[in-house]
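J.: Sequence and predicted structure are below.
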Amino acid sequence: MSGRLALGACAGLLAGSVSALATPLPGDRTSELRFAPTLSLPLRGPRYSAVTIDLYLPLPVPSSVADAMPLLRRLANAGEARLSVHLASNGSPASVAQVEALLEAARQERFFPLVDALCARGAEVRASPPSTEELVRVGRDAGLIGEHLAAALLDHRHRGEALRLTAETRASGRGGNDLWVNGVRVPVRTSELELLRTIEGERQSAQALLDAGVPLTRLHERLVEEREELRVAAAQGGRGRLTVDLVGSPARGPEMAPVTLVMFCHLLATPCVALAATARRLEERFPRSIRLVWKHLPGTSSGQQAAEFAAAAHAQGGFWKLYDLALVPSTVAIRTGRDLLAHCATAGLDVARVEREVKAGEHRPLLQRDTNEARRLNIPWPGSAIINGILVPGSQPYEVYERLVQRQIAAGLLQRLTGR
């Protein structure tokens with residue numbers, strides 16, 4: 001390939017060890033055990049590299065990803081980058097089966113051959129989802145032991161892991177239209193030249209960190225941290241801490257908590273599901289140190305309806321019950337107002353009153369107030385947050401929030417100790 005980039009610094013080989021956990025067979029056969037290892041999906045390319053490409057792979061494989069895979073494979077095999085794949089189904093049985101097949105392929109150390117096979121057959125698979133027999137045939141052609149793959153698809157030993165990975169990928173807010181090169185977003189349909197330029201720029205950034213003494217084993221983590229910090233700083237735009245009007249907004253957590261996390265969201269947005277998952281982890285990680293506040297940010301017509309449901313729930317004192325039911329990772333690709341209405345019933349709300357208030361538009365002035373405030377604060381999109389006056393745009397990894405919360409708690413402690 002012309003313009004071949006220099007090999008990134010790398011060391012070691014991919015460790016293929018997995019730990020086995022015994023899982024009961026389906027049904028009442030509790031006396032037998034089927035071993036289903038907890039799997040770490042393998043990397044393609046060097047274990048340590050100056051450049052990591054994260055690919056969020058929905059199944060069946062989109063044409064954009066299938067078209068990009070030969071280039072990604074070539075880059076990884078040449079040692080110019082390492083490729084990390086994150087799996088997600090669309091919730092259909094055929095899609096979940098493909099994720100299960102890939103997990104079994106990882107167990108048999110044939111993960112990427114099956115990824116390549118599914119990419120090569122992408123159009124065919126999208127037009128007509130393969131049966132179990134056809135999927136086994138594709139797997140056998142990719143070097144898997146067909147009998148073991150058939151058994152895994154029959155007893156669904158990887159079903160729980162497939163659903164977990166799907167929920168995790170969907171909650172990240174990242175999909176199959178983008179690649180992430182050391183945390184930098186690149187459209188999956190980008191040209192080869194543009195991708196190579198991005199990789200070369202990342203390689204130079206990585207070399208600067210290596211020269212500064214960052215260990216090779218922490219290189220990717222530190223590169224991503226830098227990108228995240230730059231995004232947060234850019235969102236803040238050089239402004240001082242932002243002031244948010246919290247009067248009347250749903251809130252939970254100690255009033256005197258050292259950290260206030262204001263969520264600009266609506267109940268149907270995937271990035272808001274991700275932010276809610278992050279908030280739950282933060283509440284567990286820093287007990288009694290975080291106060292959550294909700295601000296409505298509809299964004300779309302479906303978001304407007306979701307915000308009206310949320311406001312109606314708050315009027316009955318049931319917002320956080322609805323929040324906990326609605327904002328959970330799900331294998332369902334699309335949520336609707338009908339889902340929210342069902343959640344209202346589960347939360348014990350007066351559903352007839354909710355429907356009446358939404359139909360009458362009783363809470364629209366409140367929603368407009370929050371929307372105007374979001375516009376004043378330059379909130380980019382639903383799923384964004386403000387932590388102690390610092391804007392964090394949506395779709396950030398959990399670690400961004402964790403580090404910021406840690407700094408805010410430490411700053412508050414120092415202020416109390418010094419009396420400043």
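T.: The structure has been received and is ready for your questions. Numbers count the residues shown, from 1 in each chain.
J.: got any ranges where the stretch 101-250 of the chain has weak pLDDT?
T.: Confidence mapping of the stretch 101-250 of the chain against pLDDT under 70 gives the ranges 123, 125, 171-173, 175-176, 227-239.
J.: same thing but at 90, please
T.: Scanning the stretch 101-250 of the chain for pLDDT under 90 picks out 120-130, 163-180, 182-191, 201-203, 205-242.
J.: which residue ranges form the strands in it?
T.: Here the stretch 101-250 of the chain has its strands, by DSSP state E, counting those that start in this stretch, at 178-181, 184-187.
J.: quick one: which of the ones you listed is nearest Leu55?
T.: strand 178-181 (5.9 Å; C-beta to C-beta). Any C-beta I mention is one placed from the backbone N, CA and C, and that applies to glycine too.
J.: Can you report phi and psi for the closest residue to Gly253 other than its chain neighbours?
T.: Spatial nearest neighbour of Gly253, excluding adjacent residues (C-beta to C-beta, 6 or more residues apart in numbering): Arg291 at 3.6 Å. For Arg291, the backbone dihedrals (degrees, to the nearest 10) come out as phi -110, psi 120.
J.: so Arg291 bridges to which residues?
T.: Beta-bridge partners for Arg291, by DSSP bridges, are Thr260.
J.: And for stretch 400-416, what's in contact with it?
T.: 225, 228-229, 232, 258-259, 261, 278, 281-282, 285-286, 289-290, 385, 387-388, 390, 392 (C-beta atoms under 8 Å, 6 or more residues apart in numbering).
J.: Dump that stretch to CSV, restricted to CA.
T.: In CSV, the C-alpha atoms belonging to stretch 400-416 read as follows (Å, rounded to 0.1, in the frame of the first residue of the first chain):
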residue,chain,number,x,y,z
VAL,A,400,-14.8,11.3,32.1
TYR,A,401,-17.5,11.9,34.6
GLU,A,402,-15.7,9.9,37.3
ARG,A,403,-12.6,11.9,37.0
LEU,A,404,-14.5,15.2,37.0
VAL,A,405,-16.6,14.2,40.1
GLN,A,406,-13.4,13.1,41.9
ARG,A,407,-11.8,16.5,41.3
GLN,A,408,-14.9,18.3,42.4
ILE,A,409,-15.2,16.3,45.7
ALA,A,410,-11.4,16.9,46.3
ALA,A,411,-11.8,20.6,45.6
GLY,A,412,-14.7,20.9,48.0
LEU,A,413,-12.8,19.0,50.7
LEU,A,414,-9.8,21.3,50.3
GLN,A,415,-12.0,24.3,50.5
ARG,A,416,-13.5,23.1,53.7
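J.: which of the residues in it are buried?
T.: Residues 400-401, 404-405, 408-409 are the ones in stretch 400-416 that count as buried (16 or more other C-beta atoms under 10 Å).
J.: Any regions of the stretch 251-400 of the chain where pLDDT drops low?
T.: Ranges of the stretch 251-400 of the chain meeting pLDDT under 90: 268-271, 274, 299-303, 328-339, 378, 380-381, 392-400.
J.: burial measure for Pro70, as a count.
T.: Pro70: 13 surrounding residues under other C-beta atoms under 10 Å.
J.: I should have written Val65 there, sorry.
T.: Neighbourhood size, Val65 [other C-beta under 10 Å]: 25.
J.: In which helix or strand does it reside?
T.: Element membership for Val65 (DSSP states H and E) is helix 63-77.
J.: go on, Trp294?
T.: For Trp294, the host element (DSSP H and E) is strand 290-296.
J.: Check Val85 too.
T.: Here Val85 sits within strand 82-89, counting by DSSP H and E.
J.: Can you give me the buried ones in the helix holding Val65?
T.: Neighbour-count burial for helix 63-77, counted by 16+ other C-beta under 10 Å, picks out 65-66, 68-69, 72-73, 75-76.
J.: tell me what that helix is packed against?
T.: Applying 3 or more C-beta pairs under 8 Å, 6 or more residues apart in numbering; DSSP states H and E, one finds that helix 63-77 makes contact with strand 52-59, strand 82-89, helix 111-120, helix 122-127, helix 192-211.
J.: Mean neighbour count and distance to Ser95 for those - can I get that in JSON lines?
T.: JSON lines is the format used below for the helices and strands packed on helix 63-77 (neighbours: other C-beta atoms under 10 Å; distance: least, C-beta to C-beta, whole Å):
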{"stretch": "strand 52-59", "mean neighbour count": "23", "distance to Ser95": "5"}
{"stretch": "strand 82-89", "mean neighbour count": "22", "distance to Ser95": "4"}
{"stretch": "helix 111-120", "mean neighbour count": "21", "distance to Ser95": "11"}
{"stretch": "helix 122-127", "mean neighbour count": "15", "distance to Ser95": "10"}
{"stretch": "helix 192-211", "mean neighbour count": "16", "distance to Ser95": "27"}
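J.: Among these, which comes closest to Thr217?
T.: Of all those, helix 192-211 sits nearest to Thr217, with 11.3 Å by C-beta to C-beta.
J.: hey, C-alpha coordinates of the closest one in PDB?
T.: The C-alpha trace of helix 192-211 is given here as PDB (Å, rounded to 0.1, in the frame of the first residue of the first chain):
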ATOM      1  CA  GLU A 192      -8.600   5.600   3.000                       C
ATOM      2  CA  LEU A 193      -6.300   8.700   2.700                       C
ATOM      3  CA  GLU A 194      -8.300  10.600   5.400                       C
ATOM      4  CA  LEU A 195      -8.200   7.600   7.700                       C
ATOM      5  CA  LEU A 196      -4.400   7.300   7.200                       C
ATOM      6  CA  ARG A 197      -3.900  11.000   7.900                       C
ATOM      7  CA  THR A 198      -5.900  10.600  11.200                       C
ATOM      8  CA  ILE A 199      -3.800   7.600  12.200                       C
ATOM      9  CA  GLU A 200      -0.600   9.400  11.400                       C
ATOM     10  CA  GLY A 201      -1.700  12.400  13.600                       C
ATOM     11  CA  GLU A 202      -2.600  10.000  16.400                       C
ATOM     12  CA  ARG A 203       0.700   8.300  16.100                       C
ATOM     13  CA  GLN A 204       2.500  11.600  16.500                       C
ATOM     14  CA  SER A 205       0.400  12.400  19.600                       C
ATOM     15  CA  ALA A 206       1.200   9.000  21.000                       C
ATOM     16  CA  GLN A 207       4.900   9.400  20.400                       C
ATOM     17  CA  ALA A 208       4.800  12.700  22.300                       C
ATOM     18  CA  LEU A 209       3.300  11.000  25.300                       C
ATOM     19  CA  LEU A 210       5.800   8.200  25.100                       C
ATOM     20  CA  ASP A 211       8.600  10.700  25.000                       C
END
